[in-house]
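Undergrad: From the sequence below, what's the structure:
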Amino acid sequence: MAPSPLLLLILPLLFASFLSAASQKPRALVVPVVRNAATLQYVARVSQRSPPVPLDLVVDVGGPLQWVLCDDTYVSSSYRPVPCRSPVCPLLKNYGCTTACYGSPPAPPAPTTPALPSRSTPSGATPLPKASSRMSCLYYLPTAPSQIFSTFMITGDVTKIPNVFFSCGSRVLLQGLACGAAGMAGLGRGKLALPTQIAARLRVSRKFALCLPSSSGPGAMFFGEAPSYTFQLDVDAAKSLMYTPLITAGAGTDDEGYFIGVRGIKFNGKAVPLDAELLAGASAKISTAVPYTVLESSIYRAVTSAFLKETALQRLKAVKPFELCFNGSGIGSTRVGPAVPSIDLVLQNKGAEWMIFGSNSMVWTADGVLCLGLVEAAKDRVEAPIVIGGHQLEDNLLEFDIARSRLGFTSSLLFRQTTCSNFNFGITA
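TA: Predicted coordinates:
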């Protein structure tokens, strides 16, 4: 399928904020995030356009930028297209914007787009090296076209963020997203993703944090330097953070996601025999694009074999997408979920281990069946040897400090007798 173009556009954004009492300048922004049970995606409620319109955006950790649906109901007085000669266009790297430009963008409602060449041969799209100011920047996606604008708002104390770039997408891009979603919020490391744009516009720290909910109550997404991560009963999860370096993806890739170094895996303190070369460098990616952790085939086989050796559970028929499933009635319960051995990710910092307990490692399916929530990677689709998925991230506070290239993590907040759904949205600095 030919790639889809996105026209780069600009609009203001509005977010709830933590305010500094001295200057009333926002130190951080906070957005509620809910879990969609049908798709296992995480959705942030924002508002966009002028006048503001509430929208639900699927959270995409690692996404290069944000996009929203622009159909015949799209009306806004404040969007501006980005011309091809803009220095913003090259930030799209190999997405095609700098090599192919098309005529002047129409005003809303949504623009129509011409047929495009494949992404591998963008030069077939009539290049215009001396693009006029009436030519607009195009951004390529693997599935469908869209254009780039910007604006967001949520209820609560509101901070306006001007001149934020986003793309305006077509309805085909909504396929597979949570019902009611109008686009995606990209949280990657790139300069057009929300964390960097918000940091630049508001002069706050280039960092964000996620606390994804496991239930119907909202979790939270933070941008900038939050004064605390305080949950009900005055639990400050920041005190539980441990840190490990964020690593860039390997050479030859344009992946703007977040990678860490996992150097080993343990069950009950016992190391799982794994290929050390496979775990060198950026061995694990953090992703909300997959609902469950995906393991390279040899790692998956070693981990599932070790799990069976450390347990004596009644095994049942597999339930897709899981292979190891058990009679849940024979498994006890603890504060941190089903009583099974923890999966300990040994990180590159000495002594740093991310512990995954039963609430994050096991998944309840129909009729009391409990399955190990790990999936074997397809041989032709390996982003990294380990891709840590949404279920394993729930009720864990994760702090992505892009400026300092480090990830803070708490392991399960259930140990602190709280969850991500217990965040205190009423706190101010």
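
Undergrad: Contacts only, for K191.
TA: Contact partners of K191, counting by C-beta atoms under 8 Å, 6 or more residues apart in numbering, are L91, Q197. The C-beta positions use only the backbone N, C-alpha and C, and glycine is treated the same way.

Undergrad: swap the cut-off to 10 Å and go again
TA: Contacts for K191 (C-beta atoms under 10 Å, 6 or more residues apart in numbering) come out as P64, L65, V88, L91, L92, F165, Q197, A200, E256.

Undergrad: One more: G281?
TA: Neighbours of G281 in contact, by C-beta under 10 Å, 6+ apart: I247, T248, A249, G250, A251, F259, G261, Q348, A384, P385.

Undergrad: can you redo these as TSV with secondary structure?
TA: Output for those, formatted as TSV (DSSP: H, G, I helix; E, B strand; the rest coil):
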residue	secondary structure
I247	strand
T248	coil
A249	coil
G250	coil
A251	coil
F259	strand
G261	coil
Q348	coil
A384	coil
P385	coil
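
Undergrad: Just the buried residues from those residues, in PyMOL please.
TA: What follows is the PyMOL syntax for the buried subset of the contacts of G281, where burial is set by 16 or more other C-beta atoms under 10 Å:
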select buried, resi 247+249+259+261+348+384+385
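
Undergrad: Among the contacts of G281, which one lies nearest to V340?
TA: P385 (22.8 Å; C-beta to C-beta).

Undergrad: wait, D275 sits on E296?
TA: Yes: using C-beta atoms under 10 Å, D275 is in contact with E296, at 9.1 Å.

Undergrad: ok, those two, which is more surrounded?
TA: Shown here are D275 and E296; by other C-beta atoms under 10 Å, E296 has more neighbours (22 against 12).

Undergrad: Show me the shaky parts of this structure.
TA: 1-25, 83-84, 92-159, 250-252, 426-429 (pLDDT under 70).

Undergrad: Go again with 80.
TA: 1-28, 46-53, 70-164, 167-170, 227, 250-254, 380-382, 425-429 (pLDDT under 80).

Undergrad: Do a quick rundown of the helices in it.
TA: Assigned by DSSP state H, the chain shows helices spanning 194-202, 297-310, 358-361, 390-393.

Undergrad: Including distance to A282, could those helices go into JSON lines?
TA: Listed next are the helices of the chain as JSON lines, based on distance: least, C-beta to C-beta, whole Å:
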{"stretch": "helix 194-202", "distance to A282": "19"}
{"stretch": "helix 297-310", "distance to A282": "15"}
{"stretch": "helix 358-361", "distance to A282": "22"}
{"stretch": "helix 390-393", "distance to A282": "18"}
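
Undergrad: closest to C179 out of those helices?
TA: If we rank the helices of the chain by C-beta to C-beta, the stretch that ends up nearest is helix 390-393, at 17.1 Å.

Undergrad: How far away from the center of its chain is that closest one?
TA: The chain centroid and the centroid of helix 390-393 are separated by 11 Å, computed with C-alpha atoms, centre = their mean, to the nearest Å.

Undergrad: Output that helix as CSV, restricted to C-alpha atoms.
TA: Provided in CSV are the C-alpha atoms of helix 390-393 (Å, rounded to 0.1, in the frame of the first residue of the first chain):
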residue,chain,number,x,y,z
GLY,A,390,1.0,-2.0,28.0
HIS,A,391,-0.2,-4.7,30.4
GLN,A,392,3.2,-4.9,32.0
LEU,A,393,3.3,-1.1,32.4
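
Undergrad: That helix packs against which elements?
TA: strand 41-48, strand 284-286, strand 293-295, strand 353-356, helix 358-361 (3 or more C-beta pairs under 10 Å, 6 or more residues apart in numbering; DSSP states H and E).

Undergrad: would you list these in a markdown table and tack on distance to I343 and mean neighbour count?
TA: Shown next, in a markdown table, are those (distance: least, C-beta to C-beta, whole Å; neighbours: other C-beta atoms under 10 Å):
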| stretch | distance to I343 | mean neighbour count |
| --- | --- | --- |
| strand 41-48 | 22 | 23 |
| strand 284-286 | 12 | 24 |
| strand 293-295 | 9 | 25 |
| strand 353-356 | 4 | 22 |
| helix 358-361 | 5 | 24 |
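
Undergrad: Turn these into CSV, columns for distance to D367.
TA: Output for the helices and strands packed on helix 390-393, formatted as CSV (distance: least, C-beta to C-beta, whole Å):
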stretch, distance to D367
strand 41-48, 25
strand 284-286, 32
strand 293-295, 24
strand 353-356, 25
helix 358-361, 19
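
Undergrad: so which of the ones you listed gets nearest K317?
TA: That would be helix 358-361 among the helices and strands packed on helix 390-393, by C-beta to C-beta, at 19.7 Å.

Undergrad: what comes into contact with that closest one?
TA: Contacts of helix 358-361 (C-beta under 10 Å, 6+ apart): 214, 292-293, 307, 331-343, 355, 370-374, 388, 391-396, 411-414, 419.

Undergrad: Give me the buried subset of the residues you listed.
TA: 214, 292-293, 307, 331, 336-338, 340-343, 355, 370-374, 388, 391-396, 411-414, 419.

Undergrad: Now do the same contact list for the closest residue to G190 other than its chain neighbours.
TA: Nearest residue to G190, sequence neighbours excluded (C-beta to C-beta, 6 or more residues apart in numbering): E256, at 4.2 Å. Residues near E256 by C-beta under 10 Å, 6+ apart: 62-65, 93, 186-193, 196, 248-249.
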